[in-house]
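Chemist: Got a predicted structure plus its sequence, pasted below:
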Amino acid sequence: MSKVLQVILGLVGLIVVLVIAAVIIIPLVVDPNDFRDRIAEAVEEETGRSFEIEGEISLSVFPWLGLEVGRMRLGNPPGFGDAPFAEIGSAGVGARLVPLLSRRLEISTLRLDGLRLNLLQLADGSNNWADLGDDSGRGAPAPAQDRGPAMQLDHIGGLRLTDAVVRYEDRQAGSIVEAIIPKLTTGELAPGRAFPLEAETLVRLDGGAQTVNTRLGARLQFADDFAAVTVTDLALDGDADVAGGRQSFALRAPKLAADLDAQTLSIPELTAEFAGIRVTADVTGVRIVDAPALSGRLAVAEFSPRALLEQLGEAAPVTADPAVLGKASLNARYQAGADQAQLEEFLLLLDDTTLSGATTIGFGEITRVRAQLALDAIDLDRYLPPEPEEQAPGRSPAEDIELAFDWLDGLDLDATFRASRLQVSGLTLTDLEGRAVAKDGVLTLQPFGATLYGGEVRGTARLDARQAPATFRLEQSLSALQLLPFVQDLSGFERLAGVAQLGVQLTTTASSAADLMSGLNGEVSFDVSNGALKGVNIWYEIQRANAVARGRPVPQRSSADTEFRQLKGTAVIRDGLLVNEDLVGGLQSLGLAGRGEVNLVESTLDYRLTASVLREALDEATGERSELAGASLPLRLRGSLDSPSVSVDLAGLARDRVQQEALERLGIEGEDRKALEEDLTERAIDKVRGLRDRLRRND
């Protein structure tokens, strides 16, 4: 054997002996527990917090250069109490010794057991973790020294976290969230290689009143510089407490890719399920570190809103049609950032109604909403509460409903809307269009237009909630309105027909539902042509009263209705009472004028009218010119709006007849005749009493 070979073998042997000696001697000679105080002092100097190592420190050398540490505790900064900020039951890590000789780092599984982390935010907004990332006051870092080639990280054997608890208390919001992690494990971590991740968590809310269980599984792969990660087969399952009981949820993403350098995120397919709702989406993210912005498509599969409310423990609203809220779905493009969210090309289906358009919602102290909406058709009456049953005698009336408009204070709204067909309060509006603007506590609908029963509606509406009670103002004009179907649908009243031109200027207070009608004030103008008052024949009632007064047979009624060429006037509304002082009408055989009032709260009317019989008026009994032709007759129209009654003022009729006969015989005309008409009133009283008694006997 040559001397060279002997030397080499000798050196190898020496190295082996030295390594073996180190493995045996170092653990015997070096006790890492002797350095616990120095380690604690270094940590306290670096963090400004108390640090304590209670457990034993053990050191291993071969084949792993390993370190095992027992219980450790890091304190809170001043003002956050004596409880520790963080506590660890035990931890361990090791590096394979031989690869270190070639500057390669192979780390064993990182083990952490019994972690306790207490995060606290005080009422003033300060917290106990912000200072850990603050280097101010610690002096400038030491200049870097050239220590040769850096270690190359080959891989980490994995992570194993057991029995961890993270507690977050927010004293500003008065909330406590506690996350318990029984287990979190990974496979071998190495750049460019995929590894599995599994975790279990239990989240407690409101002191444990609500809990959320989760189970996470996925495969992750990091880039060589750990700046990008790809996640595949992401599966998150769990269950949570809701008011309706325990509900399960699931989240699936076949692939997720994030690049921190490029600040991008891509999730081509994402599926979430909860309480019977299935949501699918794709996600594209940009600026995910500096200012996250997400976009993509979103779809909510058909579900039942009524069933969803029941599953969540909420009572479904009682509706006139129990079949509504039976199905809904949504498809849209979305964009979302830190300060606003936007839906574009959205299509919302609710029962038989389709709503489409775009909307943007900005978040902050003021909620900013911009929208363009289009609706095909909806019957809102189906979604309202059912009509109450007739109140039984002795029962108290239903409680009034208070109206609150504080939601307007923080709303900045500008929305345009169109609807092909809308039914509300029995009325059917078509080709509805308008613009809603809300700002500083005021909501305005302007302009507002629609086709309504053959006519057109144009006008504005304004709700001012800046002061209590809120006020509501309505200015509307209606042209060529077909009255019969309009009034039928509005109130079930079937007695008025014609073509109407209406003008409305109304105001009311709005502190409660009852106030809307009782506080109603304003002006109304109306002009109805080619119409009819159904169920009441005023000309017949006049002839009937005249026949009874003269002791003649009552004529047959040729028609049950009163037809009119025109009926017009203006009215003033005060506290729910409509007062009309200038009613003028052209009726069948009559000219009509008078005054009256309509109680909109009680749905009653009371009118005193004067009917001027036309000179060509015919008597329905004889077919000849009526003996009342040219006379002026007092009428009374009163009762409920549903069924008003018409009566002829017999006292006035008899008085007028006596006066006319007397004055004609005396040949008195002009001003003298007018003065005498008043003086002759008392003389007619006895005759009126006789006529009244005769009428009662005939009735």
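Modeler: Here it is on my side, so go on. Numbering: from 1, shown residues only.

Chemist: packing partners for the longest strand seen in the chain?
Modeler: Secondary structure of the chain read by DSSP state E shows that its longest strand is strand 152-170. Under the contact definition 3 or more Cβ pairs under 8 Å, 6 or more residues apart in numbering; DSSP states H and E, strand 152-170 sits against strand 104-113, strand 116-121, strand 175-186. (Each C-beta comes from the backbone N, C-alpha and C, glycine too.)

Chemist: Not counting its own residues, what contacts it?
Modeler: 89, 99, 103-121, 175-191, 193, 195 (Cβ atoms under 8 Å, 6 or more residues apart in numbering).

Chemist: For that strand, output the C-alpha coordinates as PDB.
Modeler: C-alpha atoms of strand 152-170 as PDB (Å, rounded to 0.1, in the frame of the first residue of the first chain):
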ATOM      1  CA  GLN A 152     -29.300  26.400   0.100                       C
ATOM      2  CA  LEU A 153     -32.600  25.200   1.400                       C
ATOM      3  CA  ASP A 154     -33.300  21.700   0.000                       C
ATOM      4  CA  HIS A 155     -36.500  20.900   1.800                       C
ATOM      5  CA  ILE A 156     -38.400  20.900   5.000                       C
ATOM      6  CA  GLY A 157     -39.700  17.600   6.300                       C
ATOM      7  CA  GLY A 158     -43.100  19.100   7.000                       C
ATOM      8  CA  LEU A 159     -45.200  21.100   9.600                       C
ATOM      9  CA  ARG A 160     -47.100  19.600  12.500                       C
ATOM     10  CA  LEU A 161     -49.200  21.900  14.700                       C
ATOM     11  CA  THR A 162     -51.200  20.300  17.400                       C
ATOM     12  CA  ASP A 163     -53.500  21.600  20.200                       C
ATOM     13  CA  ALA A 164     -53.300  25.300  19.200                       C
ATOM     14  CA  VAL A 165     -55.700  28.000  20.400                       C
ATOM     15  CA  VAL A 166     -55.900  31.500  18.900                       C
ATOM     16  CA  ARG A 167     -58.100  34.000  20.800                       C
ATOM     17  CA  TYR A 168     -59.100  37.400  19.500                       C
ATOM     18  CA  GLU A 169     -60.900  39.900  21.700                       C
ATOM     19  CA  ASP A 170     -62.100  43.200  20.200                       C
END
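
Chemist: Just the buried residues of that strand, please?
Modeler: Residues of strand 152-170 classed as buried: 155-159, 161-162, 164-167, 169-170 (neighbour count, 16 or more other Cβ atoms under 10 Å).

Chemist: again with stretch 348-364
Modeler: For stretch 348-364, the neighbour count (16+ other Cβ under 10 Å) marks L348, L349, L350, D351, T353, L355, S356, G357, A358, T359 as buried.

Chemist: and of these, the nearest to L74?
Modeler: L74 lies nearest to T359 out of the buried residues of stretch 348-364, by Cβ to Cβ, at 48.1 Å.

Chemist: so the closest one bridges to which residues?
Modeler: Under the criterion DSSP bridges, T359 forms beta bridges with L343, A371.

Chemist: The chain should start at 31 in everything you say after this.
Modeler: All right, first residue 31 from here; so that's T389.

Chemist: can I assume A153 sits in a strand?
Modeler: No: using DSSP: H, G, I helix; E, B strand; the rest coil, the assignment for A153 is coil, not a strand.

Chemist: contacting residues around the nearest residue to it once chain neighbours are set aside?
Modeler: In this structure, A153 finds its nearest non-sequential neighbour in R201, 4.7 Å apart by Cβ to Cβ, 6 or more residues apart in numbering. With contact taken as Cβ under 8 Å, 6+ apart, R201 is in contact with L150, Q151, L152, A153.

Chemist: please redo it, this time with the cut-off set to 7 Å
Modeler: Applying Cβ atoms under 7 Å, 6 or more residues apart in numbering, we find R201 in contact with Q151, L152, A153.

Chemist: What does the pLDDT read for the last one?
Modeler: Per-residue pLDDT puts A153 at 89.

Chemist: still on that earlier bit, name the member of the contacts of R201 that has the highest neighbour count.
Modeler: Highest neighbour count within the contacts of R201: Q151, with 19 neighbours (other Cβ atoms under 10 Å).

Chemist: so what's that one bridging to?
Modeler: Here Q151, judged by DSSP bridges, has bridge partners N157, D200.

Chemist: Fine by me, we can end here.
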